[in-house]
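Engineer: coords below, sequence missing:
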């Protein structure tokens, strides 16, 4: 009778990240596993409103698909994020695999939380720019301020800021919340 096979422990941070239970609010940022609690109610309300409006627009216009957190986006071996909301065009659907997206989505919306705001505004923004996210929107649920960026020649260019409104040139979509 042979001995039962033993499972080897993870050898890399990425392997450790992949071994977390499904649904865990965690991201791999600069090769560190960053865990966060569930978002506050206002964050969830804004996320639901934006997701619903975006899904409707994308579906009726037949543009691609929408995903929302927790959903893994693999940029490289050190950066696996769970953006709040993301859009993947039909042209990029081939990047979707059973465990997430391998590559940059076309559009990302992040809703700030106290525990992740510094990452959304700095580290993640740099990675989004580097890997070619075409539009990046940051919503502050405290005051509904919205900052947006569009990618031009590999660099994020700021879009006009607003309060309670996202206006995506990429998707021809505007939503107020």
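Structural biologist: That came through, no problem. From a predicted model like this one, the values you see are computed outputs, not experimental measurements.
Engineer: switch to C-alpha atoms for all contacts and neighbour counts from now on
Structural biologist: Noted.
Engineer: how about the helices in the protein?
Structural biologist: 13-18, 41-61, 117-118, 124-130 (DSSP state H).
Engineer: for residue 74, give me its contacts.
Structural biologist: 80, 81, 100, 101, 102, 103, 104 (C-alpha atoms under 8 Å, 6 or more residues apart in numbering).
Engineer: just to revisit the earlier point, as a markdown table, the helices of the chain with mean pLDDT, mean neighbour count and distance to residue 144 would be great.
Structural biologist: Putting the helices of the chain into a markdown table (pLDDT from 0 to 100; neighbours: other C-alpha atoms under 10 Å; distance: least, C-alpha to C-alpha, whole Å) gives the following:
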| stretch | mean pLDDT | mean neighbour count | distance to residue 144 |
| --- | --- | --- | --- |
| helix 13-18 | 95 | 15 | 32 |
| helix 41-61 | 98 | 15 | 9 |
| helix 117-118 | 94 | 14 | 14 |
| helix 124-130 | 98 | 19 | 19 |
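Engineer: and the longest strand that the chain contains, what does it pack against?
Structural biologist: Across the chain, the longest stretch assigned as strand under DSSP state E is strand 145-152. Other helices and strands packing on strand 145-152, by 3 or more C-alpha pairs under 8 Å, 6 or more residues apart in numbering; DSSP states H and E, are strand 135-140, strand 155-158, strand 162-163, strand 165-168.
Engineer: give the pairing partners of the longest one; include direction for each.
Structural biologist: What that stands for is strand 135-140. Paired neighbours of strand 135-140 in the sheet (DSSP bridges): strand 107-111 (parallel), strand 145-152 (antiparallel).
Engineer: pLDDT weak spots in the protein?
Structural biologist: With pLDDT under 70 as the threshold, the chain has low-confidence stretches at 1-6.
Engineer: quick check: phi and psi on the residue positioned nearest the centre of it?
Structural biologist: Closest residue to the average C-alpha location of the chain: residue 83 at 1.8 Å, with C-alpha atoms, centre = their mean. In terms of degrees, to the nearest 10, the main-chain angles of residue 83 are phi -60, psi 150.
Engineer: circling back: would you mind listing the buried residues in the longest strand of the chain?
Structural biologist: Neighbour counts using 16 or more other C-alpha atoms under 10 Å place 146, 147, 148, 149, 150, 151 of strand 145-152 among the buried residues.
Engineer: quick one: it to chain centroid distance?
Structural biologist: In this view, strand 145-152 has its centroid 14 Å away from the chain centroid, taken as C-alpha atoms, centre = their mean, to the nearest Å.
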